[in-house]
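Asks: structure for this input, please:
(one chain, ligands or ions: 2)
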Amino acid sequence: MSIESNLLKKERQNVTFSVEELTNVWDGGKEDTEIRRKVVKVFGDDPVLKSPPICTMTREERYTEATRKCVYIFRNMLQKNGIYPGSKEFEHFWNAMPIEYTLLIHMGAFIPCIMSFGSEEQVAKWLPLSANLNIICTYAQTELGHGSFLRGLETEATFDRETQEFVINCPKVSSMKWWPGDMGLNANHALVMANLIVGGKKYGMHPFMVQIRDLSTHMPLPGVTVGDIGSKMGFEAIDNGFLYMKNVRIPRENLLNKNSEVKPDGTYVKKASDRLMYGSMVNLRVNLPKSQAIDVLAKACTIAIRYSAVRRQGLLNPGGAEVAVLDYTLQQHKLIPQLATVYATKFAGEGIIKKHQAFLQNMAKGNISDLAEIHALSASFKASVSEQCTEGVEVCRRACGGHGYSQASGLPHLLSKVTPTCTYEGENTVLYLQTARYLVKCAKEKAADLPESILFLVQPIQNARGNITSLDNLALYFKNRAALCVQAASKKVNQMSNKGLAMHEAWDKSSVQLVHATKAYVIQYIFDAFASFVKEVKCSKSVKEILEDLCCLYGLHYINNCSGDFLKLGILTAHHCNIAEEAEIALLEKLRPNAVGIVDAFDFTDSSMESCLGAYDGNVYERLFDMAKLSPLNKEPVHQASYKYLRPYLLEGRDILEGAKSKL
Ligand SMILES: CC/C=C\C/C=C\C/C=C\C/C=C\C/C=C\C/C=C/C(=O)SCCNC(=O)CCNC(=O)[C@H](O)C(C)(C)COP(=O)(O)OP(=O)(O)OC[C@H]1O[C@@H](n2cnc3c(N)ncnc32)[C@H](O)[C@@H]1OP(=O)(O)O
Ligand SMILES: Cc1cc2nc3c(=O)[nH]c(=O)nc-3n(C[C@H](O)[C@H](O)[C@H](O)COP(=O)(O)OP(=O)(O)OC[C@H]3O[C@@H](n4cnc5c(N)ncnc54)[C@H](O)[C@@H]3O)c2cc1C
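Replies: Numbers count the residues shown, from 1 in each chain. Ligands and ions are numbered 1, 2, ... in the order given. Have a look, this model is predicted:
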């Protein structure tokens, strides 16, 4: 056994709680852990799902492998193993997915969209076809010229009463659809968001089913120009695409008409609120943070903490042995708060998923009164979690020194996967501003008219009592800060407007404060939800203590990073800030011996991380060497390029050196 493996073994011997029990808490119960492990094993054992490590493949190989595996998974594995939407197996299915996948937009965005925009007949037609991969459909909303401002989308769907068709057109280059996943190469249909025009009148953005490729040849249909947008910062296996449509005709029935319809005579019928057009985005904002950001940070923490426990560099005691870098307080200060972020965002996110499910049930009965609240909450939650996780993964990557820059560490892949979560499904700033709009409105309301999650905004500020680092007091600081920030930002908007600025100008001039206030609001929500979870969870004392420490650390780390805000608002004094700083350092020291146990509890398999630094056995140096040997550049002992371009000068060098030798 290598020295490094031995070090990790010793770390595990020193853990003071049951790792298995924490895994159960993380998964949502013992039964969930069993189900997840069963799904992971089925996938892990299947030889069809084996591929070379992604860092040894070209983009084309990565796309081909991911598509091959995903077709196999969605066609052959899901049903056979009882993994269908709504089942417990499905909830844990992400943990079993290969490290790269395609058909994500088809399965994860298009299918939910057809359910929310399609009438019963349309769902009956399109759902079985798409579930069986008989059609592959992308979600084509963003255009080259517009992504955030949806009222600015340019693609048009004009009703032709004569033929009972819609004519789809992208009038300019800037109007072509750009970015949608699965669109470049795999899709033969697109759910196109286009401006509906009937009898010369514009009705705004509506969803249309458009066939873009021939079902037998897969060639683009007449009027369609479609392809891959090229190499990106990450997501190399995914065929994000462009789609330029010129006079593409689709039948009238292809307007997804659950919420609005065009009758044969051209009458436009609105059946539900325009806001429901945005419902598919709320659905993804609620559901994607866990698999695309929180689990990504959890993996980065696993890699960085295991590696830091075996990487020895420098001395803590002069004359003593070299120490594991995890023993430095500064390394703990980088990494352990990231673990707290993983836990806080995961449990807060579960609360939002439940709220969204309740909203969907009410919507089915015609009640959408909670729409504004769930939109505001999901928008700011997606923005905050994507930001925290992206920053966290980069912290983990840098905490691994030089090896963190190597693809073999698995960390660059994780970083390039989490970074675009700040952009897709709503650019974060734009989403924060949406929530700000809601908060400013709420701040003017009476308590009786507000949902519970927002009541604190209009309630009197309460003072903390007793231990300033208790979870109750931390929750109170976050609430007071959020309330004061929202009130200050609202006041600024009003002052600007009273000075004579138009409302949109007053809003823009106050937007820095508005986004700041929204961030304060969503952090208080996340902290509060995590603290409530920790109080209520049924588990042993030792596991509870770990969770309480992580929760307290999440709060303290955040406060210490923006103590200026708490001081400025009069919530904390300089004395409080000193106590908070020391309390955080004490918690790091307390959690340090359990750090490896806490990441082990995530229970990621080695194959789900493809990391030489983060594997369970800690054999980091052998793994790095083995991976380097697999580099395509090492296929031959002499690479043709170095031989071809360098040889003349090397020969010169040889002659000089040999001449020098013969003179000696
Ligand atoms: C096998 C798979 C199984 C399972 C899947 C599970 C998990 C998910 C996993 C997979 C997916 C993961 C990764 C996928 C990777 C990439 C996918 C990427 C996809 C995309 O990016 S799709 C494109 C997304 N685009 C956007 O999000 C655009 C952002 N812009 C907007 O949302 C709006 O245009 C904007 C900014 C809100 C418009 O602002 P504007 O001020 O112009 O508003 P309007 O005048 O249009 O409307 C104002 C009014 O409406 C309210 N409102 C706005 N949005 C919503 C909403 N979403 N819901 C409800 N209400 C909304 C707004 O508050 C205003 O109300 P008010 O007047 O104030 O009362
Ligand atoms: C990996 C990836 C996958 C994607 N998949 C899909 C997909 O499947 N389907 C699809 O339709 N789209 C997809 N997209 C597109 C994505 O949804 C958009 O890129 C995103 O919504 C942001 O829009 P934008 O690119 O127009 O950014 P812009 O809005 O142009 O943003 C540029 C800058 O302007 C700022 N800004 C914009 N508006 C305002 C404002 N009102 N106030 C202040 N600042 C503002 C932003 O904060 C940002 O800093 C994907 C994108 C990526 C990166």
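Asks: next, count neighbours for the closest residue to Phe93 other than its chain neighbours.
Replies: Excluding its sequence neighbours, the residue lying closest to Phe93 (C-beta to C-beta, 6 or more residues apart in numbering) is Ile83, at 5.4 Å. No exception for glycine: its C-beta is placed from N, CA and C like everyone else's. Using other C-beta atoms under 10 Å, the number of residues around Ile83 comes to 22.
Asks: what do you get for Leu150?
Replies: The burial count for Leu150: 16, using other C-beta under 10 Å.
Asks: same check, this time on Tyr139
Replies: Neighbour number of Tyr139 under other C-beta under 10 Å is 28.
Asks: doesn't it fall inside a strand?
Replies: Yes. Counting by DSSP: H, G, I helix; E, B strand; the rest coil, Tyr139 is located in a strand.
Asks: around ligand 1, pick out the residues from the chain.
Replies: 104-105, 107-109, 139, 141-142, 148-151, 181, 275, 278, 281-282, 284, 287-288, 291-292, 371, 375, 424-426, 430, 434, 437 (C-beta under 6 Å from any ligand atom).
Asks: ok, the nearest residue to Arg62 once chain neighbours are set aside - contacts?
Replies: Residue nearest to Arg62 in three dimensions, not counting chain neighbours: Ala237, with 4.3 Å by C-beta to C-beta, 6+ apart. Each residue near Ala237 by C-beta atoms under 8 Å, 6 or more residues apart in numbering is listed here: 54, 59, 62-63, 65-67, 100-102.
Asks: would Ala237 count as being in a strand?
Replies: No. Counting by three-state DSSP, Ala237 falls outside a strand, being coil.
Asks: and the longest helix belonging to the chain, what's buried?
Replies: As assigned by DSSP state H, the longest helix anywhere in the chain is helix 329-364. Buried residues in helix 329-364, counted by 16 or more other C-beta atoms under 10 Å: 331-332, 334-349, 351-352, 355-356, 359, 363.
Asks: Arg68 - how many residues pack around it?
Replies: 15.
Asks: distance of it relative to Thr158?
Replies: Arg68 sits 40 Å away from Thr158, going by C-beta to C-beta, to the nearest Å.
Asks: try Gln332
Replies: In terms of C-beta to C-beta, Gln332 sits 62 Å off from Thr158.
Asks: now swap in Met245 and tell me
Replies: Distance from Met245 to Thr158, by C-beta to C-beta: 12 Å.
Asks: so which of these two has more stuff around it?
Replies: Using other C-beta under 10 Å, the more surrounded residue of Met245 and Thr158 is Met245, with 27 against 18.
Asks: need the contacts of Ala237 in a markdown table with pLDDT, can you?
Replies: Below are these laid out as a markdown table (pLDDT from 0 to 100):
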| residue | pLDDT |
| --- | --- |
| Ile54 | 96 |
| Arg59 | 97 |
| Arg62 | 98 |
| Tyr63 | 98 |
| Glu65 | 98 |
| Ala66 | 98 |
| Thr67 | 98 |
| Glu100 | 96 |
| Tyr101 | 94 |
| Thr102 | 96 |
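Asks: from the residues you listed, which is closest to ligand 1?
Replies: Nearest to ligand 1 among those: Tyr101, at 8.5 Å, using C-beta to the nearest ligand atom.
Asks: now for the closest one, how many residues are close by?
Replies: By other C-beta under 10 Å, 19 other residues sit near Tyr101.
Asks: quick one: contacts for it?
Replies: For Tyr101, the contacting residues are 66, 69-70, 237, by C-beta under 8 Å, 6+ apart.
Asks: ok, it to ligand 2 distance?
Replies: As for Tyr101, its distance to ligand 2 is 13 Å (criterion: C-beta to the nearest ligand atom, to the nearest Å).
Asks: before we move on, what SS does that residue have?
Replies: Using three-state DSSP, the three-state assignment for Tyr101 comes out as coil.
Asks: check Ile197 too.
Replies: strand.
Asks: what is the least confident helix or strand in this protein?
Replies: helix 88-91 (a mean of 88; mean pLDDT, DSSP states H and E).
Asks: state the phi and psi torsions of Trp220.
Replies: Residue 220: Pro, not Trp. phi -60, psi 140 (degrees, to the nearest 10).
Asks: again with the one 5 residues further on
Replies: The main-chain torsion angles of Thr225 are listed as degrees, to the nearest 10 and equal phi -120, psi 120.
Asks: which parts of the stretch 351-500 of the chain are helices?
Replies: Ranges of helices in the stretch 351-500 of the chain, per DSSP state H, counting those that start in this stretch, are 371-399, 411-418, 428-443, 471-498.
Asks: check the stretch 151-300 of the chain too.
Replies: In the stretch 151-300 of the chain, the helices defined using DSSP H, counting those that start in this stretch lie at 279-289, 295-310.
Asks: on the three-state scheme, the residue in the stretch 1-150 of the chain that ligand 2 sits nearest to is what?
Replies: When distances are taken as C-beta to the nearest ligand atom, the stretch 1-150 of the chain reaches nearest to ligand 2 at Gly147, 2.3 Å away. Look at Gly147: counting by three-state DSSP, its state is coil.
Asks: that one is in contact with Trp179, isn't it?
Replies: Yes. Counting by C-beta atoms under 8 Å, Gly147 does reach Trp179; the two are 7.3 Å apart.
Asks: who's more crowded, the two?
Replies: Trp179 (23 against 18).
Asks: check contacts around the residue lying closest to Arg398 once chain neighbours are set aside.
Replies: Closest residue to Arg398 apart from its sequence neighbours, by C-beta to C-beta, 6+ apart: Gly404 at 6.1 Å. Counting by C-beta under 8 Å, 6+ apart, Gly404 touches 304, 396-398, 411, 613.
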